[in-house]
Each structure stands twice: as structure tokens, then as C-alpha cells.
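K.L.:
okay, predicted coordinates and the sequence, questions at the end:
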Amino acid sequence: MEASKASGTSGQPFVIERTLDAPRDVVWKAWTEAERLAQWWGPKGLAMIHCSVDLKPGGLFHYGMRTPDGHEMWGKFVYREVVAPERLVYVVSFSDKDGGITRHPMSATWPLEMLNTLTLSEEGAKTFMRLEGTAINATDEERQTFESCFESMEQGFKGTMEQLEAYLAHV
């Protein structure tokens, strides 16, 4: 490993917390079943063109989306830990259609990998969701890029979480 790379995670985490108006098992299924993820995952305005899930340690959530102007964007999660219905730990990357890791399509200094932990807790008939992400195996520059984009990421995830909430309201 290069001297400029850090092993594991460090730096500030990106955190999203939401109380969702749905039971935990329903929220879990929304996060772990391809046919459900395809209905809400991703930025608003993008069309899901591929969605597959192999829910096990080492398995993948691999997805492709198309922008309104026809550009494709691919991504993947590699699951590290699956504890139904309360916890998912996974590495997030941009990818190509074959699942290979790629750079962020608009940032040459975005980290190749982020470690995310999704925790779902029951709150009566509702679910408290906490998503925490950190850059891993990143250079200092990549980590700084990641941390400088928290505000933009909050805006992007706001739309995604709104789509999740709308999906949960109709299941």
C-alpha cells in the first residue's frame, strides 16, 4: 500500500438519521430486496436500468441508473455484515456495468470506497434509521474531497430519502 494511503477508516463520518413511518421489517426489505430498491434508490430524476441484490457477506447490490439526458451511472455495495433486520455494513463504490470499481464520474479525487453502516431500530410502529459513511483506503486528498461534499451529499440523500418515504407510504 502506498504511504499516502490510510488503512481502514478515518476522518469525519457522513451521517443521515430519519424516523420512518413504517415497521422495521418493512424498512429492512426496502433496503435489501432488489424489486423494492429499484422503486426508490438513487437521486431523484434518474431511472433505474439495472438492480440486483445478493444479500450475504461478500454479496453485491449492483445498480445502474440513467439520467434524463441518457447518461448512465453505475454503483455497487459489497456487503460485509448482514444482521436482519437491524444492521447492514457495506462498502459503496461507483462501478461499471460489470461491477468493476470506477472513479466518481464528476470527481477525480472522490474516494474509490466508502464504508457505510445502516442501523434500523424499532420505535413502536416506526423505524429509526441511521446511515453512517466514511471514506476507506483513501488518500488525504480523497478524504478531504469526501468531507468537503457533506452538504451536497445531504441534498442528494434528501431526495433519495423522500423517495424511500414515499415508497414506504404505499406498501
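P.N.:
Arrived safely, thanks for sending. Numbering: from 1, shown residues only.

K.L.:
so what's the residue count around Gln144?
P.N.:
Using other CB atoms under 10 Å, Gln144 has 15 neighbouring residues. In this view, the C-beta of every residue, glycine as well, is placed from N, C-alpha and C.

K.L.:
state the distance from it to Thr102.
P.N.:
For Gln144, the distance to Thr102 equals 20 Å [CB to CB, to the nearest Å].

K.L.:
equivalent analysis for Arg18, please.
P.N.:
Where Thr102 is concerned, Arg18 sits at a distance of 29 Å (CB to CB).

K.L.:
between these two, tell me which one has more neighbours.
P.N.:
For Arg18 versus Thr102, the count of surrounding residues by other CB under 10 Å is larger for Arg18: 17 against 14.

K.L.:
residues contacting the more buried one?
P.N.:
Going by CB atoms under 8 Å, 6 or more residues apart in numbering, Arg18 touches 128-129, 161, 165.

K.L.:
let's see which of the residues you listed end up in strands.
P.N.:
Those of the contacts of Arg18 mapping onto strands are 128-129, per DSSP state E.

K.L.:
quick check, nearest of the contacts of Arg18 to Leu118?
P.N.:
Met129 (7.1 Å; CB to CB).

K.L.:
who's the closest one bridged to?
P.N.:
Going by DSSP bridges, Met129 is paired in beta bridges with Arg18, Leu120.

K.L.:
picking up where we left off before, compare the contacts of Arg18 and tell me which has the most neighbours.
P.N.:
Highest neighbour count within the contacts of Arg18, by other CB under 10 Å: Met129, with 20 neighbours.

K.L.:
and stretch 114-129, how far out from the chain's middle?
P.N.:
From the chain centre to the centre of stretch 114-129 is a distance of 14 Å (CA atoms, centre = their mean, to the nearest Å).

K.L.:
show me what the top helix by length along the chain is in contact with.
P.N.:
Identified as the longest helix of the chain according to DSSP state H is helix 150-169. Outside of helix 150-169, the residues within contact range by CB under 8 Å, 6+ apart are 12, 14, 16, 18, 20-22, 26-27, 30, 36, 39-44, 131.
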